[in-house]
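**Student:** My questions concern the predicted model and sequence given below.
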Amino acid sequence: MTQATIERVRRISPTLQRLEIGVEASLARLKPGHALLARLSEEGWDPYLAEQWIPVATDGLTITIERPARDHYMPGQIVTLLGPVGAPFPMRPSLHNLLLLAQDTPPTPLILLASLAIRSQIEVTLVLGGTATEYPLEALPPEVEVLTGTIEEGWPNQVTTVGWADQVIAVVDPRYREQLYAALLARIHALRAEVPRQYVLGIFDLPMPCGTGACQGCAVSCREKDRLVCVDGPAIDLQDVNFG
Ligand code: FES
């Protein structure tokens, strides 16, 4: 557990803000997939009151996270951080084209990955559906190709985008996660002759009461053995998940 300081607070849309946080060296190497559990009050650590902070950028000892605009933060505020929790996204080797999808939830968990992929000369297509279309496009790297569509109805050029994609990663409205991920998996199988392991990942952004693998509160039912989001997640191969 470490302490950190909120250095800057910036509204990026009517519903989202970004916080720049000064952190210790141990937290400066966050990878896409990692999250932090943040506690804002000084009275001890109640895991049920911790906020899940997802990095969207890292720069030396400063990390940027994205939070709903309705939450209130002040520059100079001290926070207690636990983490990193979760595992880096399991990326496939020889990645040239990445297809990302966000539906009815902000694409926040995909932003750091998209930026790092662009820096590594990987082509990134991001499909935004439902309320995800409200995400401020100027907060994305300009090289990201943005399309509008949904998992159920499809999106422009989906045969090409899925045919070219070396990996697909999605985040969706948690209320309909199972149905949407099952539908996405079915769509990918319909569009590709072969769906290798780790090809299509779903982000399971569940609450993480302990963040350490101790409480089983973040378990996702999977075929061989259940996965804990705070240890193995948040991205899970959708071919491993038990849907209903
Ligand atoms: S949050 Fe407790 S096991 Fe994952």
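**Tutor:** That came in fine, so what should we check first?
**Student:** For this structure, which strand extends over the most residues?
**Tutor:** strand 2-11 (DSSP state E).
**Student:** I'd like the next helix or strand past it.
**Tutor:** The helix or strand immediately downstream of strand 2-11 is strand 16-22, counting by DSSP states H and E.
**Student:** Using CSV, write out every CA atom in that next one.
**Tutor:** As requested, C-alpha coordinates have been extracted for strand 16-22 and formatted as CSV (Å, rounded to 0.1, in the frame of the first residue of the first chain):
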residue,chain,number,x,y,z
LEU,A,16,-15.5,11.9,-17.6
GLN,A,17,-12.4,13.4,-15.9
ARG,A,18,-8.7,12.6,-15.9
LEU,A,19,-6.5,12.7,-12.8
GLU,A,20,-2.8,13.0,-12.9
ILE,A,21,-1.3,11.2,-9.9
GLY,A,22,2.3,11.4,-8.7
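**Student:** Work out the gap between the helix or strand just after it and the centre of the chain.
**Tutor:** Downstream of strand 16-22, the next assigned helix or strand under DSSP H and E is strand 35-39. Relative to the centre of its chain, strand 35-39 is centred 14 Å away, using Cα atoms, centre = their mean, to the nearest Å.
**Student:** returning to what we had before: name the residues of the longest strand of the chain that are buried.
**Tutor:** Judged by neighbour count (16 or more other Cβ atoms under 10 Å), strand 2-11 contains these buried residues: 4, 6. For glycine as for every other residue, the C-beta is placed from the backbone atoms N, C-alpha and C.
**Student:** for stretch 59-77, same thing?
**Tutor:** Buried residues in stretch 59-77, defined by neighbour count with 16+ other Cβ under 10 Å: 63-67, 73.
**Student:** Got the domain ranges for the chain?
**Tutor:** Dividing the chain into domains by automatic domain parsing, as the record does, gives the ranges 2-85, 97-205.
**Student:** what about those domains, which gets the closest to the ligand?
**Tutor:** Evaluated with Cβ to the nearest ligand atom, the domains of the chain place domain 2-85 nearest to the ligand, the distance being 7.6 Å.
**Student:** The helix or strand harbouring I118 vs strand 35-39, what angle?
**Tutor:** With the criterion set as DSSP H and E, the secondary-structure element containing I118 is helix 108-119. Between helix 108-119 and strand 35-39, the angle comes out at 140 degrees (axes from the mean of the first three to the mean of the last three Cα atoms, to 10 degrees).
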